[in-house]
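S.K.: below are the sequence and a predicted model for it; my questions follow.
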Amino acid sequence: MLNPTHHSHAKELYPLITDKVTATIQWDGPTSFEDFEEALRVKEIAVRNKEIYQFTIMHPDFQQPIGSISIRPDESMFRADIGLWIGEKYHGQGLGTKAIRAITNFGFKELKLSKIEGNIFVGNIASRRIFEKCGYQLEGTIRHKVIKRGKPVDEWLFGILLEEWNE
Ligand SMILES: CC(C)(COP(=O)(O)OP(=O)(O)OC[C@H]1O[C@@H](n2cnc3c(N)ncnc32)[C@H](O)[C@@H]1OP(=O)(O)O)[C@@H](O)C(=O)NCCC(=O)NCCS
């Protein structure tokens, strides 16, 4: 269900980036279609440089782009964090859980990471649930971690260790 992101996915992904989707992530969304397509081209370069691994989430039945997920390792390839979003009309169908499971597998099996984390805005219950369902544990709450739409936001830090994933 995860395909390496290509700038040609911009056409199907762009209409899915609504206010509701960007309300609970740090990114505020693109200012135009052209900006978004360019941002995907820039991501392709970052992927080639192994700075980030960016995938388009494909609907498992229709093979159509429905969202985006990335995993960004630190320089020593020890620890990484995950970011994701899915278009509103596809929420609540278990697809976020499948995407987290798939990228966690990729992080441990292909990237040989030791730990993977998710930083979740406090109160984002849907996101908290999908990480919990994949075995991630709450490690703490980081106060005023980021500024979102002019306001400070606290974040839950969720994490999973390689040995926990193997169990
Ligand atoms: C977070 C997100 C990826 C979840 O994707 P999804 O495909 O809807 O997730 P799933 O269907 O796999 O699971 C959602 C779970 O949250 C639960 N849930 C959703 N809203 C809830 C709420 N308000 N209260 C309690 N549980 C809630 C669902 O019941 C489900 O859990 P269950 O399977 O135990 O019933 C999606 O909501 C999204 O893209 N949101 C906007 C961007 C975002 O917040 N990204 C995450 C940044 S860390």
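M.R.: The structure has been received and is ready for your questions.
S.K.: Gly83: which element?
M.R.: Under DSSP states H and E, the secondary-structure element containing Gly83 is strand 79-86.
S.K.: residues making contact with that strand?
M.R.: The set of residues that contact strand 79-86 without belonging to it, under CB atoms under 8 Å, 6 or more residues apart in numbering, is 16-17, 21-22, 25-26, 57, 66-74, 95-96, 99-100, 103-104, 107, 111, 113-119. For the C-beta atoms, the positions are set from N, CA and C on the backbone; glycine is no exception.
S.K.: which of those residues count as buried?
M.R.: In the contacts of strand 79-86, burial by neighbour count holds for 16-17, 21-22, 25, 57, 66-71, 73, 95-96, 99-100, 103-104, 107, 113, 115-119, counting by 16 or more other CB atoms under 10 Å.
S.K.: need the residues of the protein near the ligand, please.
M.R.: 21, 24-25, 84-86, 91-97, 118, 120, 124-127, 129-130 (CB under 6 Å from any ligand atom).
S.K.: what about the residues you listed, which are in strands?
M.R.: Secondary-structure check on those using DSSP state E: residues within strands are 84-86, 118, 120.
S.K.: so which of the residues you listed is the closest to Trp165?
M.R.: Ranked by distance to Trp165 (CB to CB), those are led by Gly118 at 13.5 Å.
S.K.: burial count for His7?
M.R.: Neighbouring residues of His7 were enumerated by other CB atoms under 10 Å; the total is 15.
S.K.: which of the residues of the chain next to the ligand are buried? Put it as a PyMOL command.
M.R.: For anyone working in PyMOL, the buried entries among those, judged by 16+ other CB under 10 Å, can be selected with:
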select buried, resi 21+24+25+84+85+86+95+96+97+118+120+124+127+130
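S.K.: now, the residues of the chain next to the ligand that are in helices?
M.R.: Counting by DSSP state H, the members of the residues of the chain next to the ligand that fall within helices are 21, 95-97, 125-127, 129-130.
S.K.: and the residues you listed as TSV, adding pLDDT?
M.R.: Rendered in TSV, the data for those read as follows (pLDDT from 0 to 100):
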residue	pLDDT
Val21	98
Leu95	98
Gly96	98
Thr97	98
Ile125	98
Ala126	98
Ser127	98
Arg129	98
Ile130	98
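S.K.: contacts only, for the one residue in the chain that gets nearest to the ligand.
M.R.: Residue nearest to the ligand within the chain: Gly96 (2.4 Å; CB to the nearest ligand atom). Shown here is Gly96, whose contacts under the criterion CB under 8 Å, 6+ apart are 67, 84, 86, 126-127, 130.
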